[in-house]
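**Student:** 3D model of this:
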Amino acid sequence: MAATEPIDILKLGIGDAEAGLVLSAEAGWNQNVADWRYFLSHGVVYGVRDRDRLVATAALLPYSAGNAWISMVLVTADFRRRGIATRLIDACLGAAVQRNLTTWLDATPAGATVYGPLGFTPTLELRRLRLLQPNGAEAPQACSGSVDALITRDTGAIGFERNSLLSEFAARADSRIVSNRRAVALVRSGRTARHIGPILADGTDEALVLVNAIIHAESGPWLIDAVHSRSEFLDGLVGSGWNIERPFQRMRFGRQTTSPTQLPFAVAGPEFG
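**Tutor:** You can find the predicted model right below:
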């Protein structure tokens, strides 16, 4: 595909999961093939091909109460700066408008400069943290939690229900839900690290104790996408050896349809919200 050739936007199918994984791995992202299969089976994923090679993607993942997430906006290195990402985002927004959906995304700083002029407005900020091995004293062992309890708390935290997503995560063989009665978290595998989130708790201490129990009970490395305004939680993670890798800016296109009752301490990931 030459730079002057027209860009054909295609809808992708479940058979494109492995090709999508090649793109996200090139970008250094943590998604695995199960994540790609979820997007392709539960959302609308647009792509651009150069002959048989998938060179760009963007996904729209509908949730409940008129909300949807845009993510997996990826363009392979030698096809960037041709307007492909903008075209793919426009396709996602067009599909969302047809379904009367408010769209959300978690953008890198560079991405936020692109999404702002398109009409996205900033909401909360996130910080991605990574830990290679636990520091400090081992915490009391946490118990297994229920997916129903996780869904209930997550619905209050994000403002709409994501039963399908969280149930699918919890059903994976390498996932687990962990609870200490006053906090609950989902732990799942990614391509390069275990992801902890969402993390939902009554308070900062309960959230930090639960994270400490998780990292002492299994092998890392781990990732957490913490809510920036939960400053005591963020400081507690950094103080125990977690390193901040990058910020994300949550943004919304359209009206806010619901009001969360309590912010999470960490989210399910920038690709899922």
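
**Student:** low-confidence ranges, the stretch 1-150 of the chain, go.
**Tutor:** Low-confidence segments of the stretch 1-150 of the chain, defined by pLDDT under 70, span residues 1-6, 137, 139.

**Student:** change it to 90
**Tutor:** Of all residues in the stretch 1-150 of the chain, those with pLDDT under 90 make up the ranges 1-7, 81, 110-111, 113-114, 133-144.

**Student:** and the helices in it?
**Tutor:** Listed in chain order, the helices of the stretch 1-150 of the chain (DSSP state H, counting those that start in this stretch) span residues 17-26, 33-42, 84-98, 109-115, 147-158.

**Student:** now those in CSV, with distance to Phe248?
**Tutor:** Heads up, the C-betas are built off the backbone N, CA and C, glycines and all. Converted to CSV, those look like this (distance: least, C-beta to C-beta, whole Å):
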stretch, distance to Phe248
helix 17-26, 16
helix 33-42, 17
helix 84-98, 16
helix 109-115, 9
helix 147-158, 15
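
**Student:** wait, which of these is closest to Glu271?
**Tutor:** Of all the helices of the stretch 1-150 of the chain, the one in closest proximity to Glu271, counting by C-beta to C-beta, is helix 33-42 (7.1 Å).

**Student:** and for the closest one, what's in contact with it?
**Tutor:** Helix 33-42 is touched from outside by 12-14, 16-18, 20-21, 24, 45, 59, 61-62, 71-72, 164-165, 168, 172, 190, 271, with contacts defined as C-beta atoms under 8 Å, 6 or more residues apart in numbering.

**Student:** buried ones in stretch 163-176?
**Tutor:** Leu165, Leu166, Glu168, Phe169, Ala170, Ser175, Arg176 (16 or more other C-beta atoms under 10 Å).

**Student:** hmm, I was thinking of stretch 21-31
**Tutor:** Residues Leu21, Leu23, Ser24, Trp29, Asn30, Gln31 are the ones in stretch 21-31 that count as buried (16+ other C-beta under 10 Å).

**Student:** same deal with stretch 50-70?
**Tutor:** Those buried within stretch 50-70 under the rule 16+ other C-beta under 10 Å are 54-63, 66-70.

**Student:** how far does it stretch from start to finish?
**Tutor:** Using C-alpha to C-alpha, to the nearest Å, the end-to-end distance of stretch 50-70 comes out at 23 Å.

**Student:** could you do stretch 106-124 as well?
**Tutor:** The first and final residues of stretch 106-124 sit 9 Å from each other (C-alpha to C-alpha).

**Student:** same deal with stretch 174-192?
**Tutor:** Between the opening and closing residues of stretch 174-192 lies a distance of 14 Å (C-alpha to C-alpha).

**Student:** let me see the mean pLDDT of it.
**Tutor:** Over the span of stretch 174-192, the pLDDT mean works out to 96.

**Student:** over to Val184. Which of the three states is it?
**Tutor:** With DSSP: H, G, I helix; E, B strand; the rest coil as the basis, the three-state label of Val184 is strand.

**Student:** that one contacts Ser144, doesn't it?
**Tutor:** No: taking contacts as C-beta atoms under 8 Å, Val184 lies outside contact range of Ser144: 10.2 Å.

**Student:** which one of the two is surrounded by more residues?
**Tutor:** Neighbour totals were compared for Val184 and Ser144, and Val184 leads with 27 against 8 (other C-beta atoms under 10 Å).

**Student:** what sits against the more buried one?
**Tutor:** If a contact means C-beta under 8 Å, 6+ apart, then Val184 has Gly145, Ala149, Leu150, Arg153, Ile177, Val178, Ile199, Leu200, Ala201, Leu210 as its contacts.
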